[in-house]
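Asker: My questions are about this predicted structure, shown below with the sequence.
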Amino acid sequence: IKRYDIVVFNSDGSILIIVECKSTNIIINQTTFDQIARYNLSLNAKYLMVTNGINHYYCQMDFETERYNFLRDIPSYNEL
C-alpha cells in the first residue's frame, strides 16, 4: 500500500497536486524526486511538490515527454 503525504484534488475529483514531505534533516535530492515521480505514475497529478519544511521544489508534469519541469513557485489557484 502506498501512502501519500498530501493529495490535492480538482473539483472534478481528479488529482491536481501531490506533495512529498520530508523531515527537515533530509536533503532533497534526485532520489526524492524519483520517489514522487513513481507515485505519480498511477496518480497522474499535473503538479508535484517536494518539501523538507525548509526547501520547497515545484514541478509541472509533461506527460508527452514523461518528464517534469521545475517551476519557481506553485501556480496560484486561479492559474490552475
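Answerer: Yep, that arrived.
Asker: need the helices for this protein, in chain order.
Answerer: Taking DSSP state H as the criterion, the chain contains helices spanning 30-43.
Asker: low pLDDT regions in it?
Answerer: For the chain, the stretches flagged by pLDDT under 70 are 1, 80.
Asker: centroid residue for this protein?
Answerer: Leu48 (1.6 Å; CA atoms, centre = their mean).
Asker: Could you give the number of residues near Arg72?
Answerer: Neighbourhood size, Arg72 [other CB atoms under 10 Å]: 5. C-beta: built from backbone N, CA, C; applies to glycine.
Asker: Quick check: the gap between the nearest residue to it once chain neighbours are set aside and Leu43.
Answerer: Among residues not flanking Arg72 along the chain, Tyr58 sits closest, at 7.5 Å (CB to CB, 6 or more residues apart in numbering). From Tyr58 over to Leu43 the distance is 16 Å, taken as CB to CB, to the nearest Å.
Asker: Ok, Ile6 next?
Answerer: In terms of CB to CB, Ile6 sits 12 Å off from Leu43.
Asker: who's in contact with stretch 59-74?
Answerer: 17, 33, 37, 40, 44-49, 57-58 (CB atoms under 8 Å, 6 or more residues apart in numbering).
Asker: so where do the strands sit in the chain?
Answerer: For the chain, the strands defined by DSSP state E occupy 6-9, 15-21, 47-51, 56-62, 67-71.
Asker: list the helices and strands the third one packs on?
Answerer: What it means is strand 47-51. The helices and strands touching strand 47-51, judged by 3 or more CB pairs under 8 Å, 6 or more residues apart in numbering; DSSP states H and E, are strand 15-21, helix 30-43, strand 56-62.
Asker: most neighbours per residue, which of the ones you listed?
Answerer: Comparing the helices and strands packed on strand 47-51 by mean neighbour count (mean count of other CB atoms under 10 Å), strand 15-21 ranks first with a mean of 18.
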